[in-house]
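[1] Okay, sequence plus prediction incoming.
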Amino acid sequence: MSNFRLDISVDALNERGGEYLPGYLGIEMVELQPNSLRSRMPVKKLHFAPNNFLHAASVVALADTTCGYATIVHLPEGAESFTTIELKSNHLGTVTEGSIACVATAQHLGRNTQVWDAVVTDEASGRKLALFRCTQMILWPRSPKAAA
């Protein structure tokens, strides 16, 4: 069951990352729907490794940010936040120009964990560049008794 929050917009997500890594890398959220979030990132020299291939960390940053923002929009009522507890990526190709796109899709939206899959593609051709999966742990406010 989706806990899709109608009070969070694509614009709010983009503003949230402005002064952090997502903003620095040029990551932009594009379309938000229940159980899904689409994003993109224009490719610049800063996204490359010294071997002139797209750096795996740049691809992971796009996928992880997209899945993380999707988690925020799908937090269960009363949850405080989340943290990534596991991630995995398979890199299938690269680009040297243009933009890359990402679609994150919910696989499990539980009370204590969420699992998201993401596919990163060459935005122009749709060619798959990476497959990504992450597990998010939902963080709940600590009870006064537990904090003592």
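    Everything's here; your move.
[2] Do I have it right that C102 meets V119?
    Yes: shown here, C102 and V119 form a contact pair, counting by Cβ atoms under 8 Å, at 7.0 Å. (C-beta placed from N, C-alpha, C; glycine too.)
[3] more crowded one of these two?
    The residue with the greater number of neighbours, taking C102 and V119 and applying other Cβ atoms under 10 Å, is C102; the counts read 27 against 17.
[4] so how far is K128 from the nearest residue to L54 once chain neighbours are set aside?
    Among residues not flanking L54 along the chain, T94 sits closest, at 4.4 Å (Cβ to Cβ, 6 or more residues apart in numbering). Shown here: T94 relative to K128, a distance of 11 Å by Cβ to Cβ, to the nearest Å.
[5] between those two, who's got more neighbours?
    Neighbours around T94 and K128, counted as other Cβ under 10 Å, are more numerous at T94. The numbers are 19 against 14.
[6] What score does that one have for pLDDT?
    On pLDDT, T94 comes in at 95.
[7] Now do the same for it: helix, strand or coil?
    Following DSSP: H, G, I helix; E, B strand; the rest coil, T94 is assigned to coil.
[8] likewise A61?
    Under the three-state scheme (three-state DSSP), A61 adopts helix.
[9] Contacts only, for it.
    A61 makes contact with 21-22, 25, 27, according to Cβ atoms under 8 Å, 6 or more residues apart in numbering.
[10] which of those residues lies closest to H47?
    Distance to H47, by Cβ to Cβ, is smallest for L25 among the contacts of A61, at 7.0 Å.
[11] Is it correct that the closest one is in contact with H47?
    Yes: contact between L25 and H47 holds when scored by Cβ under 8 Å: they sit 7.0 Å apart.
[12] ok, what's across the strand from T113?
    Assessed by DSSP bridges, T113 has beta-bridge partners M137.
[13] burial of it, as a residue count?
    Neighbours of T113 under the rule other Cβ under 10 Å: 15.
[14] got a list of what it touches?
    T113 sits next to 85, 135-138 when contact means Cβ under 8 Å, 6+ apart.
[15] again with G78
    Contact analysis of G78 by Cβ under 8 Å, 6+ apart lists 140-141.
[16] hmm, back to that, let's have the contacts of T113 in CSV, adding pLDDT and neighbour count.
    Rendered in CSV, the data for the contacts of T113 read as follows (pLDDT from 0 to 100; neighbours: other Cβ atoms under 10 Å):
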residue, pLDDT, neighbour count
I85, 96, 10
T135, 98, 16
Q136, 98, 27
M137, 98, 15
I138, 97, 21
